[in-house]
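> Fold the stuff below for me.
(2 chains)
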Amino acid sequence: AQSVTQPDIHITVSEGASLELRCNYSYGATPYLFWYVQSPGQGLQLLLKYFSGDTLVQGIKGFEAEFKRSQSSFNLRKPSVHWSDAAEYFCAVGEGNSGGYQKVTFGTGTKLQVIP
Amino acid sequence: GAVVSQHPSWVICKSGTSVKIECRSLDFQATTMFWYRQFPKQSLMLMATSNEGSKATYEQGVEKDKFLINHASLTLSTLTVTSAHPEDSSFYICSAPRTSGSGEQFFGPGTRLTVL
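Just a heads-up that it's a prediction; the model follows:
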């Protein structure tokens, strides 16, 4: 069964500093990988996704993530954090099935706090 | 982009009553929708897969008689929490994949259920 691990429950960074959120996955085949962001009381917004091809994926809001098969990782990065980036971030892995759609498993999330 | 709506966004009910939550895909058809539950400060847990025109598929440990799912049309799935109890209080989120096999799911804004 697929699984996702986000080892950091809570991260605090200063505004303008760089950010890296860690994500490790377990999946037998080539995974479909996602990063979502959730603001308090809100639904999920897709930041970026990896299906195949270039292992460095660019997303919205200046985020990027790199798929490293050898490390089973898909870490999220941003070179300069803005106060509005404070939110909960979820890494997720999707698997296809006979129905052709994705069953998605989420990590436990990393809460990002941004300080002035 | 694709939009998924949920109604209501917040509901408060008395213990023992039933609550219906709607999930609509606004600009695309969804033969499959997913229902998740998110407890405070926790990740999203898949509850069930809603299939248009057929029975829903429930994840292990989810009571199908407790959480009734009806996917009556290609744009609407409903989740009914029957005989709700305080422990059912949670944030319920639905999602729908727009294109079969693409892996990207579009999430609704969520419904916060509080059972008194």
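
> ok, the closest residue to residue B:91 other than its chain neighbours to residue A:88 distance?
Leaving aside its sequence neighbours, residue B:91 sits nearest to residue B:38 (CB to CB, 6 or more residues apart in numbering or on different chains; 4.4 Å). Glycine gets a C-beta too; all of them are placed from N, C-alpha and C. According to CB to CB, to the nearest Å, residue B:38 and residue A:88 sit 10 Å apart.

> Spatially, which residue comes closest to residue 62, not counting chain neighbours?
Assuming you mean chain A. Counting by CB to CB, 6+ apart, the residue nearest residue A:62 is residue A:78, at 5.5 Å.

> other chain: chain B
residue B:47 (4.9 Å).

> ditto for residue B:53
In space, residue B:53 is closest to residue B:71, 7.1 Å off (CB to CB, 6+ apart).

> burial of residue B:7, as a residue count?
Neighbour count for residue B:7, taken as other CB atoms under 10 Å in any protein chain shown: 14.

> Quick check on it: phi, psi?
phi -140, psi 130 (degrees, to the nearest 10).

> before we move on, which element is the residue nearest the centre of chain B in?
Ranked by distance to the mean C-alpha position of chain B (CA atoms, centre = their mean), the top residue is residue B:35 at 3.6 Å. Using DSSP states H and E, residue B:35 maps to strand B:32-38.

> what lines up beside that strand in the sheet?
strand B:44-51 (antiparallel), strand B:90-97 (antiparallel) (DSSP bridges).

> And the nearest residue to residue B:82 once chain neighbours are set aside, how close does it get to chain A?
Using CB to CB, 6+ apart and skipping residues adjacent in sequence, the residue nearest residue B:82 is residue B:18, 4.8 Å away. Distance, residue B:18 to chain A, using CB to the nearest CB, to the nearest Å: 24 Å.

> where does chain B have low pLDDT?
B:1-2, B:99-103 (pLDDT under 70).

> Flag every residue of it that's near chain A.
Within chain B, the positions near chain A by CB under 8 Å from any CB of the partner chain are B:6, B:32, B:34, B:42-46, B:49, B:93, B:95, B:97, B:100-105, B:107-110, B:112.

> after the longest strand along chain A comes which helix or strand?
Assignment by DSSP state E gives strand A:87-96 as the longest strand of chain A. Per DSSP H and E, the first helix or strand lying C-terminal to strand A:87-96 is strand A:102-106.

> the inter-axis angle of that following strand versus strand B:44-51?
On the basis of axes from the mean of the first three to the mean of the last three CA atoms, to 10 degrees, strand A:102-106 is oriented at 160 degrees to strand B:44-51.

> on contacts alone, who are the packing partners of strand A:102-106?
strand A:3-5, strand A:32-38, strand A:87-96, strand B:44-51 (3 or more CB pairs under 8 Å, 6 or more residues apart in numbering or on different chains; DSSP states H and E).

> Would you mind telling me which of the ones you listed is nearest residue A:17?
In terms of CB to CB, the element of the helices and strands packed on strand A:102-106 nearest to residue A:17 is strand A:87-96, at 15.7 Å.
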